[in-house]
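Participant: Okay, sequence plus prediction incoming.
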Amino acid sequence: MSEITEENPYKLTPILLKRFHQFKKLGDKTKMFERIIALGKKLAPFDAAMKTEDNQVKGCVSLTYITGESKDGAMYFQGESNSHLVQGLLALLVDGFSGSSPEDILAVDPKFIEEMGLAQTLTASRANGFMNTYAMVQNIAAKYKN
């Protein structure tokens with residue numbers, strides 16, 4: 001499990017920690033959006049059969065889906081959104097949490113989102129949708145916690 005350190009005050013997973021530092025360095029809203037959209041383009045294709053009401057992120061302006069499963073004690077997520085920006089935000093979470101244990105995922109402090117600069121660059125509705133997606137990831141991980 002990640003420990004709180006000066007380098008990692010939010011107990012981020014290794015990939016989230018890497019992204020956290022990358023985004024903090026950007027500072028420019030346009031560059032941040034470009035980076036987020038680029039992340040979304042790398043997200044694996046999402047199975048259309050998984051586009052169910054149970055997998056839909058509630059409270060998100062865009063049509064967004066996320067699923068998660070546990071394999072050998074690690075969580076793996078998939079997702080899709082009909083918005084390029086939201087697809088990128090989803091990729092941040094999917095990539096950032098996949099491969100981590102449910103306990104490590106649940107230990108992450110969501111305050112990293114503000115510190116990273118994301119909350120300030122998103123509209124209120126996008127920020128709310130991102131937090132709902134984050135909460136859904138947390139809920140999925142909680143189902144697999146030991």
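Facilitator: Okay, I see it.
Participant: Strands along the protein, start to end?
Facilitator: 64-71, 74-81 (DSSP state E).
Participant: in the protein, which helix or strand is least confident?
Facilitator: The helix or strand of the chain with the poorest confidence is helix 118-121; it has a mean of 80 (mean pLDDT, DSSP states H and E).
Participant: what sits against the most centrally placed residue in the chain?
Facilitator: For the chain, the residue whose C-alpha lies nearest the mean C-alpha position (C-alpha atoms, centre = their mean) is residue 93; its distance is 1.7 Å. Applying C-beta atoms under 8 Å, 6 or more residues apart in numbering, one finds that residue 93 lies in contact with 66, 77, 79, 133-134, 137. (Glycine included, C-beta is placed from N, CA and C.)
Participant: between those, which is nearest residue 43?
Facilitator: Minimum separation from residue 43 among these (C-beta to C-beta) is found for residue 79, which lies at 6.9 Å.
Participant: is it true that the closest one touches residue 96?
Facilitator: No. Using C-beta atoms under 8 Å, residue 79 is not in contact with residue 96, being 11.8 Å away.
Participant: Tell me how many other residues crowd residue 66.
Facilitator: 22 (other C-beta atoms under 10 Å).
Participant: per-residue confidence for it?
Facilitator: As predicted, residue 66 sits at a pLDDT of 97.
Participant: List the beta-bridge partners for it.
Facilitator: On the basis of DSSP bridges, residue 66 is bridged to residue 79.
Participant: For it, which residues are in contact?
Facilitator: For residue 66, the residues meeting the contact criterion (C-beta under 8 Å, 6+ apart) are 55, 57, 77-79, 90, 93-94, 133, 136-137, 140.
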